[in-house]
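S.K.: Generate coordinates for the sequence data below:
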Amino acid sequence: MTTPPANTSRSLLKGLAAGLIGGLAGAAAMSLVEKFYSHPDPEQQPSPASHARKTATLSLPHRGVEALAEGDPWIFGPLMGAAYGALAELAPAVTDRRGVTFGVALCSLTVEGALPDSSLSAAKTHLPLSEQPGELIAFSVYGLVTEAVRKQVRKLL
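M.R.: Numbering: from 1, shown residues only. Just a heads-up that it's a prediction; the model follows:
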């Protein structure tokens, strides 16, 4: 079990900030892993231009909800990282296994679990078997990088 360093007191705000930065780094790492494992289907993927037009026409408050619903990793990753960072301040045991457990839990919730049925996650249910290991690896890397960066940033705060 990981505990905060003796010279550091618990701070929810510092945990949120460190987790947010860690989640952003985790999202970047996850994007790289997904590029490695993805087999893009041009018929299912919107062109970059159409995606840019759609993004530009949404209002800012609505865009945040829409981006989260679409599974935008640049919104979802830092938000989940911030929640993880706050939780790590309150219950340091969540940081066990260097964040991989966090990534796997997030994968099970978002890919095949409860969140696809809600409006909080893109509907990625029923992934082909060939894509499931890639998703699990991507989320594991997300958790690992999020925890590593969160831990270092938290030491600096």
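S.K.: So for stretch 104-117, mean pLDDT?
M.R.: The pLDDT scores in stretch 104-117 average 71.
S.K.: Start at 138, not 1
M.R.: From this message on, residue numbering opens at 138, which makes the last subject stretch 241-254.
S.K.: Quick check, M167 in contact with S277.
M.R.: No - the criterion here is CB atoms under 8 Å, and M167 misses it with S277 at 9.3 Å. The C-beta positions use only the backbone N, C-alpha and C, and glycine is treated the same way.
S.K.: Compare the two (neighbour count), which wins?
M.R.: The neighbour comparison of M167 against S277 (other CB atoms under 10 Å) goes to M167, with 25 against 21.
S.K.: do you know how far that one is from K288?
M.R.: 18 Å (CB to CB, to the nearest Å).
S.K.: ok, now D209?
M.R.: For D209, the distance to K288 - CB to CB - is 25 Å.
S.K.: Which of the two has more residues huddled nearby?
M.R.: K288 (19 against 16).
S.K.: Who are the contact partners of that one?
M.R.: By CB atoms under 8 Å, 6 or more residues apart in numbering, the contact list for K288 reads A155, G159, T232.
S.K.: ok, now which ones touch the residue lying closest to I274 once chain neighbours are set aside?
M.R.: Distances taken as CB to CB, 6 or more residues apart in numbering place V170 nearest to I274, at 6.1 Å, with adjacent residues excluded. Taking CB under 8 Å, 6+ apart as the criterion, V170 is in contact with G271, I274, A275, V278.
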